[in-house]
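Trainee: 3D model of this:
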Amino acid sequence: MKRHSEDKKSCAHFTRVANAASGMAVHDDCKLKFLELKAKRTYRSIVFKIEEKQKQVVVEHVGEPAETYEQFTEKLPADECRYAIFDFDFLTPEGVQKSRIFFIAWSPDTSRVRSKMIYASSKDRFKRELDGIQVELQATDPTEIGLDVIKSRAS
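Mentor: Okay, the predicted model is just below:
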């Protein structure tokens, strides 16, 4: 019987956290930086962080146009969730230069459960603010966003 009441408490806690998270505001700078990446290619990547106290998503890092994919992935913390955008350039089998804008929902296994819930429940609303995402990836460890995965999903 005790187990059931613990489950109910856990479920109620999850609902409160999810409801609080769904009210996350998106800082205007997030949209502005994304538009600059998409339209002007001012940046190669953007890493976004949820500031829980301010209840909003903010820009944490931007990557210069010459940034490599490896440099970008090094910016993702090993034990904290983040949203990230990467503008990936590649050649098609026909030798045509193309680009794909990736949205990465980074949620490492080692991050706090509360953080995972907040990022998961805020993701769709945040993504709607960024018009032009072409590929979405969800990752819990670096192998899920390796360069081989990016290349295979780009084409």
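Trainee: can you give me the strands for the chain?
Mentor: Taking DSSP state E to define them, one finds strands in the chain at 25-26, 45-51, 56-63, 82-91, 97-106, 135-139.
Trainee: quick one: the nearest residue to Lys31 once chain neighbours are set aside from Lys33, how far?
Mentor: Taking C-beta to C-beta, 6 or more residues apart in numbering as the measure, Lys31 lies nearest to Glu129, with 5.7 Å between them; neighbours along the chain are not counted. Heads up, the C-betas are built off the backbone N, CA and C, glycines and all. Distance of Glu129 to Lys33, given as C-beta to C-beta, to the nearest Å: 12 Å.
Trainee: of the two, who's got more company?
Mentor: Comparing Glu129 with Lys33 by other C-beta atoms under 10 Å, the one with more neighbours is Lys33, at 19 against 14.
Trainee: quick one: residues contacting the more buried one.
Mentor: Lys33 sits next to 43, 46, 59, 62 when contact means C-beta atoms under 8 Å, 6 or more residues apart in numbering.
Trainee: hmm, back to that, make CSV out of the strands of the chain and add distance to Ser152 and mean neighbour count.
Mentor: What follows is the strands of the chain, written out as CSV (distance: least, C-beta to C-beta, whole Å; neighbours: other C-beta atoms under 10 Å):
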stretch, distance to Ser152, mean neighbour count
strand 25-26, 30, 18
strand 45-51, 19, 21
strand 56-63, 22, 18
strand 82-91, 11, 19
strand 97-106, 11, 17
strand 135-139, 10, 15
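Trainee: I'd like the contacts of Lys33 as TSV, with pLDDT appended.
Mentor: Output for the contacts of Lys33, formatted as TSV (pLDDT from 0 to 100):
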residue	pLDDT
Tyr43	97
Ile46	98
Val59	98
Val62	98
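Trainee: need the max-distance pair from those.
Mentor: Of all pairs drawn from the contacts of Lys33, the one with the longest distance (C-beta to C-beta) is Tyr43 and Val59, at 9.9 Å.
Trainee: was I right about Ile83 contacting Phe102?
Mentor: Wrong residue type there; residue 83 is Tyr, not Ile. No - look at Tyr83 against Phe102 with C-beta atoms under 8 Å: they stay out of range, at 11.1 Å.
Trainee: how much space separates Ile150 from Thr68?
Mentor: From Ile150 over to Thr68 the distance is 12 Å, taken as C-beta to C-beta.
Trainee: more neighbours: which of those two?
Mentor: Between Ile150 and Thr68, counted using other C-beta under 10 Å, the more crowded position is Ile150 (20 against 12).
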